[in-house]
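**Q** Kindly generate the corresponding structure for this input.
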Amino acid sequence: MLTRPSANSRPKFQVFLAAALVLTAGCARVKTSAADRLRKFIDTIPVVDTHEHQRSYPEYDGHDVHFYTLLNHSYLRFDLYSAGAPVIEQERVIGGDLDSLWKTYGPYLDFTRNTSYYGHFLEGFRVLYGYGEKEFTDEGVKSLSAEIAENYAERESWYAKAFAKAGFETMLVDAYWAPFGADLDPRYFTLVFNVNRLVSGPTRRSLGYPRDASP
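**A** Just a heads-up that it's a prediction; the model follows:
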C-alpha cells in the first residue's frame with residue numbers, strides 16, 4: 001500500500017528529487033551537445049556525390065524557373081501521385097500560375113510530409129535557401145519561387161554558390177549515354193570510366209539479346 005512520506009522523511013525525499021532532476025537535466029544537455037557536435041563535424045566533411053541528376057541549362061530556357069519546376073524534376077512528385085495528385089503538366093509549370101498550382105498540388109504536399117523525399121526536398125531548400133519553415137506553405141512556396149527565379153537568372157554564379165553551400169567536393173559522372181564523351185566542367189564533375197558495355201554487351205549477346213548488344 002502506498003503512503004505519503006512522513007514529515008521527517010520529506011527533507012530527504014526533496015533532496016533526492018532535486019538531485020534526480022539535476023542529473024536528468026544534465027544527461028539531456030549532454031545528449032543534445034553531443035548531437036550538435038557530431039552534426040557540426042559531419043557538416044565539415046566534403047561530399048563526393050556518386051548519384052546526381054543534373055539538368056542541362058537549355059531545358060530551362062523559355063520560361064522562369066520556380067518551385068514547381070524543381071518539384072516536377074524531383075522524386076517527390078511520385079509521392080504526390082501516390083497520394084492522389086494529378087500528373088504535373090509541363091504546360092502549367094511553364095505558365096507559372098503559382099496560385100493555381102498550389103490549389104491543385106498544395107493539399108498533396110501536405111499528405112506527403114512524412115515521406116523521405118519530402119524531407120530531402122525540404123532540407124535542400126533549408127541548406128541552399130535558408131528556408132526556415134517546417135513544411136511547405138503557400139506563402140513559403142511563393143517566396144522560394146521568387147528566390148529560385150532570381151538565382152536561375154544568373155545560372156553560372158548560382159551553380160557555384162549552391163555547389164559550395166551543399167559541401168560538394170566533386171560529382172562523379174557515369175555518362176553511360178555517351179561513354180566516350182569528356183565534355184565536363186572539372187570544377188564540379190569527375191568522369192567515371194564506364195565498363196558496363198564492355199561487360200554487358202558480349203554477355204547479353206550470348207544470352208540471346210543481339211539487339212541490346214549491338215553497337
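**Q** can you pull out the strands in the protein?
**A** Listed in chain order, the strands of the chain (DSSP state E) span 47-49, 168-173, 189-191.
**Q** mind checking how far the residue most central in space within the chain is from Leu70?
**A** Geometric centre of the chain, nearest residue: His120, 3.0 Å, by C-alpha atoms, centre = their mean. As judged by C-beta to C-beta, to the nearest Å, His120 and Leu70 stand 12 Å apart. C-beta: built from backbone N, CA, C; applies to glycine.
**Q** Ok, Val87 next?
**A** 17 Å.
**Q** more crowded one of the two?
**A** More crowded of Val87 and Leu70, by other C-beta atoms under 10 Å: Leu70, with 19 against 9.
**Q** burial of the closest residue to that one other than its chain neighbours, as a residue count?
**A** Nearest in space to Leu70, with sequence neighbours left out and distances taken as C-beta to C-beta, 6 or more residues apart in numbering, is Ile148 at 6.9 Å. Neighbouring residues of Ile148 were enumerated by other C-beta under 10 Å; the total is 22.
**Q** measure Ile148 to Leu98 for me?
**A** 11 Å.
**Q** Need the overlap of contacts for those two.
**A** 66-67 (C-beta atoms under 8 Å, 6 or more residues apart in numbering).
**Q** Now do the domain split for this structure, please.
**A** If you go by automatic domain parsing, the domain ranges for the chain are 53-154, 174-213.
**Q** From start to finish, how long is stretch 64-81 in a straight line?
**A** With C-alpha to C-alpha, to the nearest Å applied, stretch 64-81 spans 24 Å between its terminal residues.
**Q** hmm, who's touching it?
**A** Stretch 64-81 is contacted from outside by 53, 55, 60, 63, 87-88, 90, 92-93, 96, 98, 101, 105, 108-109, 111-112, 115, 117-118, 120-121, 141, 144-145, 148-149, 152, using C-beta under 8 Å, 6+ apart.
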